[in-house]
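**Student:** okay, predicted coordinates and the sequence, questions at the end:
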Amino acid sequence: MSEHAHPSRALYLVIFAALIVGTCLTWGIAFKDLGIWNPVVALTIAVIKATLVILYFMHVRYSNKLTIVTVCAGFFWLLILISLSLSDYLSRSWSLQ
Amino acid sequence: MSTVNQVAIPKVEVMPEKHYLNDNYGIRSWLLTKDHKRIAVLYLFTITFFFFLGGLFAALIRLELLTPQGDLFQSDTYNKLFTMHGVNMIFFFLIPSVPAVLGNFLVPLMVGAKDLAFPKINLLSWYIFIAGAAFALAALVSGGVDTGWTFYTPLSSGFLKTPVVVLGVGILIAGFASIFTGLNFIVTVHRMRAPGLTWGRLPLFVWANYAASLIMVLGTPVLAITLILLVLERGFHIGIFDPKLGGDPVLFQHMFWFYSHPAVYIMILPGMGVISEIITCFSRKRVFGYTFIAFSSIAIAVFGFVVWAHHMFVAGISTYSALVFSLLSFAVAIPSAVKVFNWTATMYKGSVTLSTPMLYALGFIGLFTIGGLTGLFLAALGLDIHVHDTYFVVAHFHYVMVGGMVMAYLGGLHFWWPKMTGRLYPEAWAKMAALITFIGFNLTFFPQFILGYLGMPRRYHAYPEEFQVLNVLSSAGASVLAVGFILPLIYFLYSLRYGQVAGNNPWKATGLEWETTSPPPTHNFEETPIVTCDPYNYGDDEEVHVVK
Ligand SMILES: [Cu+2]
């Protein structure tokens, strides 16, 4: 519950560098044919980058519990969207017999 | 004249000297205001304009459908008419109606606060709404859009030449107005309640708006993303929804309805909040099952998010998935029914007065119940195949949206009009308008249930001859309904100048908003109120609700 504790300038730069590395990595891997793993790798890197942005640039790591719960609710709702949509895609080819 | 009337000598009420309407004058004091009450009034004017614009499109639709031949409009023009009717009514009237007007005005008053948590964001919300509306009007005057309000792909992303992108951007922008309103309500309810106002003492109107705010904040971003993806596909041919480009059109429907089914609850939940307030006030009785009504709002908000594919049963989704969504859709009827039963139980053995707001509330209960139950027909997998995309669906959601939501909005507007303006509307005219609305509504939309069941599809400007009688009935009803909607516009404006001065609490209602003057001062309360008891202290002891 420390509203004034912001990350230091050095930490900001480290996060920024990590984001740049992530971007380059995504770009580089896009040229390699990994079959089904291409989107998996790209999405994994993207999720890690988004998490860094949310935790540090958006200060969620330094926020109070209510803010953290709010952010988690957002992701939980995204999970509802994805999982229930997949319930359609994954079972679409099953027959009724 | 009865003895009661002779005994009760009416006290002559006077307007307070200083209030939010005369605190400041001039166009600047309105356009730069941070007062939630003035922003509510700005929203009121804006959405009234869109309500009548949307109504105009509806009138043209009903005019075309008087005759079986498509003789008044080209089919393309007809497509634009129902699209602009739907877009106007849903995104620019129904979504903001109760939250942005009544909620904006009342939530801070009801929690005993001076304003919403973020007054500047509240004003920004209105400006963003205006910007979104400007895009929508631009799309309208540059020819109109013919996708239907649902924007289904690949029709919208690849085939139609109308300004889909402009309208899409308008709705996207207006969505942020709704997110800001929701955010403001959530923070206000959490952080700014008056001393003693525990969660268990919150008025049900606040609970309902809180639940709707959760949906606004959690659901609207998905609509924004969906519209952005649509624009990307249309503008830059990035394959997301178009099978030709490697996309999946059903994915659009999943994402669109993930927002747009819960959006039904953004529209109806605040309306239900209005009804809870009116029913208990005009039954002079403590609300029955406070906790159940409060939590059913939250339950509707949460469960409303897991039923969306009931719009897609014939779109080729998996049968197993459809089974699950059908079951969940049936389940969401339970919290709605809980509310209806509790309202009915509140009236039981109460001393019911049939004042205008109560007439609207009673209309709401009946019409919403019909609308809700026919929703179960549509959630049933087998029956939905028969009635899907027919007038049965049109009748169903108009029973919920007009018979339910618009009735609740009008009821609420009448109930709090004395608080907002300090003056009473003419009661006899208002009762007549409520009655005309009820009759006109049923005459318009009940025949559509039969039409749909007989197989008349929606969204066509021509139809087989045998459907004409029912269509003429429906169009006749629409003209009656129009009278019911225009009457309040006239007498509300009339009452601003000539209406009887209302006094602080003309209905003898409980609730913090009635403790302050009508209209309230800019800072709402002279002193911060301290709440000492339950919200609906009708009946046993009507005197003290709040100590100052
Ligand atoms: Cu739905």
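**Tutor:** Received the coordinates, thanks.
**Student:** and residue B:530, backbone torsions?
**Tutor:** Residue B:530 adopts backbone torsions of phi -120, psi 120, taken as degrees, to the nearest 10.
**Student:** before we move on, what about residue B:423?
**Tutor:** Dihedral pair for residue B:423: phi -130, psi 150, per degrees, to the nearest 10.
**Student:** now the nearest residue to it once chain neighbours are set aside: how far from chain A?
**Tutor:** With CB to CB, 6 or more residues apart in numbering or on different chains as the criterion, residue B:423 has its nearest non-adjacent residue at 3.3 Å, and that residue is residue B:499. From N, CA and C alone the C-beta is placed, and that goes for glycine too. Residue B:499 sits 43 Å away from chain A, going by CB to the nearest CB, to the nearest Å.
**Student:** so residue B:499 makes contact with residue B:426?
**Tutor:** Yes: if you go by CB atoms under 8 Å, residue B:499 and residue B:426 touch, sitting 7.3 Å apart.
**Student:** how many residues are close by residue B:361?
**Tutor:** 29 (other CB atoms under 10 Å in any protein chain shown).
**Student:** identify each buried residue in the strand or helix carrying it, please.
**Tutor:** Assigned by DSSP states H and E, residue B:361 falls within helix B:356-379. Of all the residues in helix B:356-379, those buried under the rule 16 or more other CB atoms under 10 Å in any protein chain shown are B:356-372, B:374-375, B:377-379.
**Student:** now swap in stretch B:255-268 and tell me
**Tutor:** Residues of stretch B:255-268 classed as buried: B:255-268 (neighbour count, 16+ other CB under 10 Å).
**Student:** ditto for stretch B:310-323
**Tutor:** B:310-313, B:315, B:317-318, B:321-322.
**Student:** just the ones in helices from these, please.
**Tutor:** B:321-322 (DSSP state H).
**Student:** picking that back up, among the buried residues of stretch B:255-268, which are in strands?
**Tutor:** The strands, defined by DSSP state E, take in nothing from the buried residues of stretch B:255-268.
**Student:** of those residues, just say which sits nearest to residue B:47.
**Tutor:** Nearest to residue B:47 out of these is residue B:267 (CB to CB; 12.2 Å).
**Student:** excluding sequence neighbours, find me the nearest residue to the closest one.
**Tutor:** That would be residue B:94: by CB to CB, 6+ apart, it lies 4.4 Å from residue B:267.
**Student:** what residues does that neighbour make contact with?
**Tutor:** With contact set as CB atoms under 8 Å, 6 or more residues apart in numbering or on different chains, residue B:94 has these partners: B:267, B:401, B:405-406.
**Student:** that one in helix, strand or coil?
**Tutor:** What DSSP: H, G, I helix; E, B strand; the rest coil gives for residue B:94 is helix.
**Student:** pLDDT score assigned to it?
**Tutor:** We have a pLDDT of 96 for residue B:94.
**Student:** from the buried residues of stretch B:255-268, which two are the most distant?
**Tutor:** Greatest spatial distance among the buried residues of stretch B:255-268 (CB to CB): B:255 and B:268, at 21.8 Å.
**Student:** near chain A, anything from stretch B:220-233?
**Tutor:** Yes: using CB under 8 Å from any CB of the partner chain, we find that stretch B:220-233 touches chain A at residue B:222.
**Student:** and that stretch, C-alpha only, in CSV?
**Tutor:** Written as CSV, here are the backbone C-alpha positions of stretch B:220-233 (Å, rounded to 0.1, in the frame of the first residue of the first chain):
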residue,chain,number,x,y,z
THR,B,220,-16.9,-2.5,-23.4
PRO,B,221,-13.2,-2.9,-24.1
VAL,B,222,-14.0,-6.2,-26.0
LEU,B,223,-16.4,-4.2,-28.2
ALA,B,224,-13.7,-1.7,-28.8
ILE,B,225,-11.2,-4.4,-29.8
THR,B,226,-13.7,-6.1,-32.0
LEU,B,227,-14.5,-2.9,-33.9
ILE,B,228,-10.8,-2.1,-34.3
LEU,B,229,-10.2,-5.6,-35.8
LEU,B,230,-13.2,-5.0,-38.1
VAL,B,231,-11.7,-1.7,-39.2
LEU,B,232,-8.2,-3.3,-39.7
GLU,B,233,-9.7,-6.0,-41.9
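**Student:** shaky segments in the chain?
**Tutor:** In the absence of a named chain, this looks at chain A. Within chain A, the ranges that satisfy pLDDT under 70 run A:1-5, A:96-97.
**Student:** correction: the question concerned chain B.
**Tutor:** Filtered on pLDDT under 70, chain B yields the residue ranges B:1-11, B:540-548.
**Student:** ok, residue B:40 to residue B:167 distance?
**Tutor:** Using CB to CB, to the nearest Å, residue B:40 is found at 27 Å from residue B:167.
**Student:** these two - which one has more neighbours?
**Tutor:** Higher neighbour count among residue B:40 and residue B:167: residue B:167, with 29 against 24, using other CB under 10 Å.
**Student:** show me the contacts for the more buried one.
**Tutor:** Contact analysis of residue B:167 by CB under 8 Å, 6+ apart lists B:87, B:135-136, B:139, B:145.
**Student:** am I right that residue B:201 is in contact with residue B:534?
**Tutor:** Yes: counting by CB under 8 Å, residue B:201 does reach residue B:534; the two are 5.9 Å apart.
**Student:** comparing these two, which shows the higher neighbour count?
**Tutor:** A direct count of neighbours by other CB under 10 Å for residue B:201 and residue B:534 places residue B:201 higher, at 17 against 14.
**Student:** please report how far the more buried one lies from residue B:131.
**Tutor:** 38 Å.
**Student:** ok, residue B:88 next?
**Tutor:** Distance of residue B:88 to residue B:131, given as CB to CB: 16 Å.
**Student:** between these two, point out the one with more neighbours.
**Tutor:** residue B:88 (27 against 16).
**Student:** relative to chain A, how far out is the more buried one?
**Tutor:** 27 Å.
**Student:** check which helix or strand covers that residue.
**Tutor:** Using DSSP H and E, residue B:88 sits within helix B:75-89.
**Student:** how many residues are close by residue 46?
**Tutor:** Answering for chain A, as no chain was given. Residue A:46: 14 surrounding residues under other CB under 10 Å.
**Student:** not quite, go with chain B.
**Tutor:** By other CB under 10 Å, neighbour count at residue B:46 equals 19.
**Student:** how big is the angle separating whatever helix or strand it lives in from helix B:75-89?
**Tutor:** Counting by DSSP H and E, the element that carries residue B:46 is helix B:36-64. With axes from the mean of the first three to the mean of the last three CA atoms, to 10 degrees applied, the angle from helix B:36-64 to helix B:75-89 works out at 160 degrees.
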